[in-house]
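Colleague: coords please:
(chains A and B)
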Number of protein chains: 2
Amino acid sequence: MRADGLVERLPVVGIDADAREALNLLAGSRLPGLVIADAAGRPLWIVPASQLLRFLLPCYVQDAPSLARVLPESMCDRMADRLRGKTVRALIPDNAARPAVVRHDDTIVEVAAVMSRLHCPLAAVMRDDAMIGVITASRLLQAALASPPDQPEP
Amino acid sequence: MRADGLVERLPVVGIDADAREALNLLAGSRLPGLVIADAAGRPLWIVPASQLLRFLLPCYVQDAPSLARVLPESMCDRMADRLRGKTVRALIPDNAARPAVVRHDDTIVEVAAVMSRLHCPLAAVMRDDAMIGVITASRLLQAALASPPDQPEP
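Modeller: So this is what the prediction gives:
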């Protein structure tokens, strides 16, 4: 099986898009990360959902997570206010790694090797210079496990 | 909103369960990681799906990912054979971090602070000494964004 057999469509966002709208798209898709693209639609960054949560936290909670315990509930209901006026550019962590990128005709072993090395829950799939979608780690596991178990070695 | 409002059920696996069956459960659930529990059902490890892919790769591809390119396609179709005879214990990476664990009555800010700090796509939710399910980073984003946008500051 090749990469293009596993591709899922996803909402790609540009680096100057509104941050809250971008996270809404992600939350609606239930994908494990946000793909941020340049003006030509090529992937620049893939930010895992767990790292995006940080941008909803007050600075003092980012620095000292135990302070989250003393926040009043009304502030908890207003986490998304921290995104007001921000663009997607503000959602890129300082230590963000380059995205996992594979070709549409890569084998699933090649895709797994790239995602495993980068610890990335999503890989962007390219055909020529265009991104045609993403592959999630869980979809890849599903495909790898689809072969019948316990055949004798060839 | 509190943690228990965001809980999803998940298949929890024991450390001595069959590795292939455990990954099948994960792939079927489309969750972003595997929760490995002790005999009492308490979470020991949460391994992200991207790190589980490594265990489907031949050792020489783990060491030199570019070798994936020269593998014959027939080997690609037999990735899951590498799990034969292994238990879940073999799926715990050497450098695995302790799991993200939250209490059922933690606020979503507390949950986000824990997941963000540990870079974990899943948090186990405890009530007393029992795990009642997990919260995914994307479900948490969804909840945080559900508050109405652009209200004036109080």
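Colleague: what are the boundaries of the helices in chain A?
Modeller: In chain A, the helices defined using DSSP state H lie at A:19-29, A:49-52, A:59-63, A:73-76, A:108-118, A:137-144.
Colleague: how about stretch A:127-143 and chain B, any contact?
Modeller: Yes. Counting by CB under 8 Å from any CB of the partner chain, chain B is contacted by stretch A:127-143 at A:136-142. Using the backbone N, CA and C atoms, a C-beta is placed for each residue, glycine as well.
Colleague: what's next to stretch A:22-29, contact-wise?
Modeller: For stretch A:22-29, the surrounding residues in contact (CB atoms under 8 Å, 6 or more residues apart in numbering or on different chains) are A:10-11, A:13, A:33-34, A:49, A:52, A:80, A:83, A:88, A:91, B:138, B:141-142, B:145.
Colleague: contact partners of the lowest-mean-pLDDT helix or strand in chain A?
Modeller: For chain A, using mean pLDDT, DSSP states H and E, the weakest element among its helices and strands is helix A:73-76, scoring a mean of 73. Applying CB under 8 Å, 6+ apart, the contact partners of helix A:73-76 are A:58, B:1, B:107-109, B:154.
Colleague: relative to the whole chain's centre, how far out is that helix?
Modeller: 27 Å (CA atoms, centre = their mean, to the nearest Å).
Colleague: mind listing what's buried in that helix?
Modeller: Residues of helix A:73-76 classed as buried by neighbour count (16 or more other CB atoms under 10 Å in any protein chain shown): A:C76.
Colleague: got it, and stretch A:133-152?
Modeller: So, applying 16+ other CB under 10 Å, buried residues of stretch A:133-152: A:133-145.
Colleague: swap in stretch A:55-73?
Modeller: Residues of stretch A:55-73 classed as buried: A:55-57, A:61-62, A:65, A:67-68, A:71 (neighbour count, 16+ other CB under 10 Å).
Colleague: and those residues as TSV, adding distance to chain B and pLDDT?
Modeller: Shown next, in TSV, are these (distance: CB to the nearest CB, whole Å; pLDDT from 0 to 100):
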residue	distance to chain B	pLDDT
A:F55	9	92
A:L56	5	91
A:L57	6	90
A:V61	5	84
A:Q62	7	79
A:P65	4	75
A:L67	8	83
A:A68	4	82
A:L71	5	80
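Colleague: could the buried residues of stretch A:133-152 go into a markdown table alongside pLDDT?
Modeller: Putting the buried residues of stretch A:133-152 into a markdown table (pLDDT from 0 to 100) gives the following:
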| residue | pLDDT |
| --- | --- |
| A:G133 | 93 |
| A:V134 | 94 |
| A:I135 | 95 |
| A:T136 | 92 |
| A:A137 | 92 |
| A:S138 | 89 |
| A:R139 | 90 |
| A:L140 | 92 |
| A:L141 | 92 |
| A:Q142 | 90 |
| A:A143 | 91 |
| A:A144 | 91 |
| A:L145 | 90 |
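Colleague: residues contacting the one residue sitting closest to the centre of chain A?
Modeller: Using CA atoms, centre = their mean, the residue of chain A that lies closest to the mean C-alpha position is A:G33, 1.9 Å off. A:G33 is in contact with A:26, A:46-49, A:52, A:120-122, counting by CB under 8 Å, 6+ apart.
Colleague: now the residues you listed as JSON lines including pLDDT and neighbour count?
Modeller: Formatted as JSON lines, those follow (pLDDT from 0 to 100; neighbours: other CB atoms under 10 Å in any protein chain shown):
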{"residue": "A:L26", "pLDDT": "90", "neighbour count": "26"}
{"residue": "A:I46", "pLDDT": "92", "neighbour count": "23"}
{"residue": "A:V47", "pLDDT": "92", "neighbour count": "24"}
{"residue": "A:P48", "pLDDT": "90", "neighbour count": "25"}
{"residue": "A:A49", "pLDDT": "91", "neighbour count": "26"}
{"residue": "A:L52", "pLDDT": "93", "neighbour count": "26"}
{"residue": "A:C120", "pLDDT": "89", "neighbour count": "23"}
{"residue": "A:P121", "pLDDT": "90", "neighbour count": "27"}
{"residue": "A:L122", "pLDDT": "92", "neighbour count": "27"}
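Colleague: among the residues you listed, which one sits closest to chain B?
Modeller: Within the contacts of A:G33, proximity to chain B (CB to the nearest CB) peaks at A:A49, which comes in at 3.7 Å.
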